[in-house]
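Chemist: kindly generate the corresponding structure for this input.
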Amino acid sequence: MRLVWVDEQELARPGVFADGPLTEQVFLDIATPPRVELFDDTLFVSPAPNLRHQRLSTRLCALLDGAAAHSGLEVHHSVNLRLRPGLITITDIVVTNDLDRDGLVIDARAVHLVCEITSPHTATIDGVLKMHHYAVAGIPWYLTIDEEGNVLRLHRLTEGSYSIAESGKVVNLVEPIVVTIDAAELLRRR
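Modeler: This is a model prediction of the structure:
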């Protein structure tokens with residue numbers, strides 16, 4: 001098992017955490033920093049997101065939450081998402097079925113939409129690694145938002161891979177919830 005530290009200056013620096021494979025239960029029992037993800041026996045550790053990322057995430061979560069309530073769905077922020085045994089990511093936002101609120105992990109089968117806010121430092125992880133695993137897990141919709149607010153990309157799962165359903169500064173979701181997302185509104189200073 002390997003530990004990979006991901007920070008603002010250095011995308012990945014391998015290090016040793018423990019010998020042998022890391023089970024999901026051991027992973028969940030570890031007292032960890034807020035951003036620890038498990039990719040095939042490798043921990044990816046990163047610091048908490050910057051304030052712009054957090055503001056975007058909070059505003060997007062509030063926007064999606066209102067729309068999800070009309071569809072009987074729930075919105076969750078910064079959750080452990082099990083894509084398959086041994087593969088747990090921390091997503092920025094997910095839209096799910098009604099779930100056990102005491103659980104530590106959300107299973108991918110319950111997720112209708114996953115959202116990631118990307119930065120130059122996370123673009124490869126969010127746009128390649130996570131995107132691949134979200135598709136393999138069968139999550140129907142994947143929304144990425146550039147941290148600078150330049151581009152929103154809504155991806156639809158078709159035949160096992162994502163294709164862009166809509167891209168721009170404004171995106172209109174019609175599934176799994178109905179909502180218009182405006183990047184300028186999410187980034188607006190108050």
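Chemist: where in the chain is pLDDT low?
Modeler: 1-21, 26-34, 47, 149, 190 (pLDDT under 70).
Chemist: got the domain ranges for it?
Modeler: Here the domain parsing of the chain from automatic domain parsing is 2-46, 51-78+88-187.
Chemist: do a quick rundown of the strands in the protein.
Modeler: Under the criterion DSSP state E, the chain contains strands at 2-5, 13-15, 35-39, 42-46, 74-84, 87-96, 105-107, 111-118, 141-146, 152-158, 161-168, 170-173, 179-182.
Chemist: direction included, what does the last one pair up with?
Modeler: For strand 179-182, sheet partners with direction are given as strand 170-173 (antiparallel), following DSSP bridges.
Chemist: contact partners of the partner strand?
Modeler: 67, 113, 141, 143, 152-154, 166, 179-183 (C-beta atoms under 8 Å, 6 or more residues apart in numbering). Quick note: C-beta positions are derived from backbone N, CA and C, even for glycine.
Chemist: for PyMOL, write a command that selects the buried ones of those residues.
Modeler: For the buried members of those, the matching PyMOL selection, counting by 16 or more other C-beta atoms under 10 Å, is:
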select buried, resi 67+113+141+143+152+153+154+166+179+181+182+183
